[in-house]
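Colleague: Sharing a sequence plus its predicted fold:
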Amino acid sequence: MYLDAAKKKEIFEKYGKSNTDTGSAEAQIALFSYRISHLTEHLKSNKKDYSTERALTRLVGKRRSLLNYLKDRDIMRYRTIVETLQLRK
């Protein structure tokens, strides 16, 4: 599987407050970004996989919602995570 417990722990250590911090917006945005990049690569070779395309669209929406939440609450944290993950503004 592409996303095992060790990979999740690594993402949460890097972007969260600690390795068990799974609830912060930054950690969730980083996890969603990792999953989005994996699904995007999958769809490049499987163009007719519409269920994966729908899942990708939903994940992008969830990430966008979290980014909007973070932008409203703390603009510096928003700018930091956008710059770190190299997301478009």
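Modeller: Happy to help now that I have it.
Colleague: Can you give me every residue that contacts Asn68?
Modeller: Contacts of Asn68 were listed using CB atoms under 8 Å, 6 or more residues apart in numbering, and none were found. C-betas here are computed from N, CA, C, even on glycine.
Colleague: State the helix or strand in which it lies.
Modeller: Element membership for Asn68 (DSSP states H and E) is helix 50-73.
Colleague: contacting residues around the spatially most central residue of the chain?
Modeller: The centroid of the chain falls nearest to Phe32 when counting by CA atoms, centre = their mean (2.2 Å). Shown in contact with Phe32 (CB under 8 Å, 6+ apart): Leu59, Lys62, Arg63, Leu66.
Colleague: swap in Tyr2?
Modeller: His38.
Colleague: just Lys9 next, same as before
Modeller: By CB under 8 Å, 6+ apart, the neighbours of Lys9 are Asn19.
Colleague: Need the pLDDT of it.
Modeller: The model reports Lys9 with a pLDDT of 91.
Colleague: Please identify the helix or strand for it.
Modeller: Counting by DSSP H and E, Lys9 is found in helix 5-15.
Colleague: cool, and Lys44?
Modeller: helix 25-45.
Colleague: Which parts of that helix count as buried, going by neighbours?
Modeller: 25-36, 39, 43 (16 or more other CB atoms under 10 Å).
Colleague: Please work out the average pLDDT along it.
Modeller: In the prediction, helix 25-45 has an average pLDDT of 96.
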